[in-house]
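> Have a look at this prediction, sequence included:
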Amino acid sequence: MKSFRKPSLPSPAMVVALVALFVALGGSAYALTITGASIRNGTITGADVKNRSLKGTKFALNSIGGNAIKASALKSGSLTGRLLKDDTVTGTKVDESTLGTVPQATGAQLQAVVNAQGQLVAGRGVASNGVAHTVGTGVYQVTFDRSVAACAYSGMLVDSAGGTPPVGLIGAATIAANPNAVQVGTADADGTAADRPFHIVLSC
C-alpha cells in the first residue's frame with residue numbers, strides 16, 4: 001500500500017516574511033498617504049515647500065499680516081492696486097516721505113483783491129506792481145507772474161474794507177499784448193463806467 005507523507009507547516013520566519021511581502025505589495029499606497037494628523041506641529045519649514053506652489057486660496061482670510069512680508073524683498077512696482085482691498089489703507093499707513101509731488105490745481109493760486117482806487121489789497125500770484133488804474137474810469141489791469149491766456153476768469157464786486165456792498169457790473173478780458181495780464185472793467189448798476197472794488201480769481 002502506498003503511504004502519504006503529511007505536509008509540514010511553514011516556519012514562523014516564513015510566515016513573517018510572507019506577511020511583509022503582502023504589505024509591501026498590497027499596502028504600499030496606504031502606507032504613503034500622509035494627512036495633517038501625520039505631521040507634527042512646527043516641523044514643516046519653508047525649505048519643505050516647493051517654490052511658487054502655494055496660491056492665495058491656500059491661506060485663510062485675514063491670516064497674513066504686514067509683519068509676514070519682508071519689505072526689502074519687495075521690488076519696486078511689484079504690488080498693484082488689485083492686491084489691496086478697497087478702503088483698507090488709511091492715511092496713517094502711508095509714509096508721506098515716500099510720496100512724490102502731488103499735482104494740484106493752480107487756479108486758486110491766482111487771485112487779486114483790488115480796491116476802487118486800483119490798489120492791490122491782497123493777492124496770490126500777482127506780479128510786483130501788478131495792478132494799474134491809469135487807462136480810464138472803471139478800467140483796471142491786473143498782471144500775474146505767469147501767462148494767464150488759457151485761464152478762466154471769475155470776478156465780482158466786493159468791498160474788502162467793510163463798507164457797503166457795491167452794486168454794479170464787472171467784466172474781464174485778456175490782453176493780447178501781455179499774456180500775463182487781465183483787463184477788468186467795472187460799472188454802476190445802469191452800465192455806466194465807474195470805479196468799483198473787486199475780487200478776481202483765475203482757474204488755469
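Good, I have the coordinates.
> Mind pulling up the pLDDT for residue 43?
Note on residue 43: pLDDT of 80.
> Run a quick neighbour tally on it.
Using other C-beta atoms under 10 Å, residue 43 has 7 other residues around it. C-betas here are computed from N, CA, C, even on glycine.
> so when I look at it, I'm seeing a helix, right?
No: counting by DSSP: H, G, I helix; E, B strand; the rest coil, residue 43 is not part of a helix but coil.
> Now do it against residue 36, distance only.
Separation of residue 43 from residue 36 (C-beta to C-beta, to the nearest Å): 12 Å.
> CA-only coordinates of the lengthiest strand in the chain, as CSV, when you get a sec.
The longest strand of the chain (DSSP state E) is strand 126-136. Taking Å, rounded to 0.1, in the frame of the first residue of the first chain, the C-alpha atoms of strand 126-136 are listed here in CSV:
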residue,chain,number,x,y,z
VAL,A,126,0.2,138.8,-8.7
ALA,A,127,3.4,140.3,-10.2
SER,A,128,5.2,143.2,-8.4
ASN,A,129,3.3,146.4,-9.1
GLY,A,130,0.8,144.2,-10.9
VAL,A,131,-2.3,146.5,-10.6
ALA,A,132,-2.7,149.6,-12.8
HIS,A,133,-5.6,152.0,-13.0
THR,A,134,-4.5,154.6,-15.4
VAL,A,135,-6.5,153.9,-18.6
GLY,A,136,-9.8,155.4,-17.5
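> Apart from its chain neighbours, what residue comes closest to residue 147?
Ranked by C-beta to C-beta, 6 or more residues apart in numbering and with sequence neighbours excluded, the top spatial neighbour of residue 147 is residue 179, at 4.4 Å.
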